[in-house]
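A.B. asks: Next one to model:
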Amino acid sequence: MEQLGQKQEENEIGKGKERKTPLDLLDVREFLLMKETNYGPHIIGGSLDALVVHASKSNEKDIQFQEAFLNTYRSFVNPPELVSKLLYRYHRFTKCTSDLDKQKASRNVFALLVRVVDDLTVSDLTKELLQTLMDFVYELICSGDLLPARALRNKIVEKTEIMKKYLAPRRFLTTLGVSTTQATLLDFKAFEIAEQITLLDAELFSIIQIPEAIIWSWKQSEEKSPYVTAFINHFNKMSIWARSQILKLEDAHEREKYVMKFIKILKHLRQMNNFSSYLVILSALETAAVRRLEWPQHIMDSLKEYGELFDPSVNFKTYRQTLAESTPPCIPHIGLILQDLTFIHIGNPNLNTDKSINFQKRWQFFNILEDMKKYIKCVLLQYIEF
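C.D. replies: I've put the predicted structure just below:
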């Protein structure tokens, strides 16, 4: 990936004209754009190398920036290039055994590298990148750095094993909506159906990897965002399933029973804070094919009442406020999250006027992704890790 806003920062030393970038320096503040706030300096931009160096610092003032960097770096540099820069800085300082500051910088950059590996997604784990990382592990072993080698190797193995598990076929994705018995929707209690829908949503939502969301907002790539894509496909399939349950019936009285069952399911989905499938069922009931059928007034009133939650006026103000006030676990409507990220991407320049990377844009990304991470964590704890 082409470096965005990379300044041609260099210093000439002696006749050899040794070129230096921020990756070679301990202090990179001159290459960063700062904004003073009540909480101290706030980074709003900088060159790629300077942002990488600053993210590697481990003091408490930089923790928030490091988190924002790790969540959003794919919007200005790809993982292999970032790993390459971290390895360069590590090698630059690790041999300076007599300089404590440079040794600290070496340890900090190694710690950041481990975080980056831990954050890699399915699409990131190419053979080339894995080979680069394992070559580095071998190098550490050969140099006698056994503890760092073990830490990094364990993280690589852990990550690849998790990816293998997540890549295993999931039967429910291909059998969704296919009945193997003579049972119908009316044979189950509304609460039971809502509970099973929520468990299915929770499994799919919990495996979404945060970087996929920001990749989707930039590229809408199914290959690069497999779990976001799976969740979106699941949303669409559920909507088709819900409206087909109604439209396949010829008897008006039977259709009315099914609509009332779905309205009861909506009630339980709301109580479970499953806003995703709540919108799925609501959207199915409000499609033109369903709405054009004649319905009793009490059904129309119920649909109007339940539809208020997703009133699109004022940028879905009612839904956003309800979600913010809900007690986790919650399964949010992922479409609105992706829409917010896309609007931030489209509405803000990638670079500042001085051609440095616009990190204010990344702070906006980070605020949304942090909320998404919180929802995923709570869903994991409530529904998956038991």
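
A.B. asks: Which residue ranges of the stretch 201-350 of the chain form helices?
C.D. replies: Using DSSP state H, counting those that start in this stretch, the helices of the stretch 201-350 of the chain run over residues 210-219, 226-247, 252-271, 275-285, 288-291, 297-307, 313-325, 334-347.

A.B. asks: From the ones you listed, pick the one with the highest average neighbour count.
C.D. replies: helix 275-285 (a mean of 23; mean count of other Cβ atoms under 10 Å). Heads up, the C-betas are built off the backbone N, CA and C, glycines and all.

A.B. asks: picking that back up, I'd like the helices of the stretch 201-350 of the chain as a markdown table, with distance to residue 37 and mean pLDDT appended.
C.D. replies: Below are the helices of the stretch 201-350 of the chain laid out as a markdown table (distance: least, Cβ to Cβ, whole Å; pLDDT from 0 to 100):
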| stretch | distance to residue 37 | mean pLDDT |
| --- | --- | --- |
| helix 210-219 | 24 | 90 |
| helix 226-247 | 33 | 95 |
| helix 252-271 | 39 | 97 |
| helix 275-285 | 33 | 97 |
| helix 288-291 | 50 | 94 |
| helix 297-307 | 41 | 96 |
| helix 313-325 | 24 | 96 |
| helix 334-347 | 20 | 96 |
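
A.B. asks: any chance of those helices in CSV, with distance to residue 153 too?
C.D. replies: Shown next, in CSV, are the helices of the stretch 201-350 of the chain (distance: least, Cβ to Cβ, whole Å):
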stretch, distance to residue 153
helix 210-219, 22
helix 226-247, 26
helix 252-271, 44
helix 275-285, 38
helix 288-291, 55
helix 297-307, 52
helix 313-325, 40
helix 334-347, 34
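
A.B. asks: Return the helix or strand in the protein with minimum mean pLDDT.
C.D. replies: helix 172-175 (a mean of 40; mean pLDDT, DSSP states H and E).

A.B. asks: who's in contact with residue 151?
C.D. replies: Contact partners of residue 151, counting by Cβ atoms under 8 Å, 6 or more residues apart in numbering, are residue 114.

A.B. asks: where in the stretch 51-200 of the chain is pLDDT low?
C.D. replies: 58-62, 165-181 (pLDDT under 70).

A.B. asks: Recalculate using a threshold of 90.
C.D. replies: Scanning the stretch 51-200 of the chain for pLDDT under 90 picks out 57-64, 94-99, 121-127, 158-184.

A.B. asks: That one: helices as residue ranges?
C.D. replies: 63-72, 79-94, 100-118, 127-142, 146-167, 172-175, 190-206.

A.B. asks: And residue 323, how close does it get to residue 333?
C.D. replies: 8 Å (Cβ to Cβ, to the nearest Å).

A.B. asks: list residues touching both of the two?
C.D. replies: Common neighbours of residue 323 and residue 333 (Cβ under 8 Å, 6+ apart) are residue 275.

A.B. asks: hang on, the earlier thing: determine which of the helices of the stretch 201-350 of the chain approaches residue 194 most closely.
C.D. replies: helix 252-271 (3.6 Å; Cβ to Cβ).
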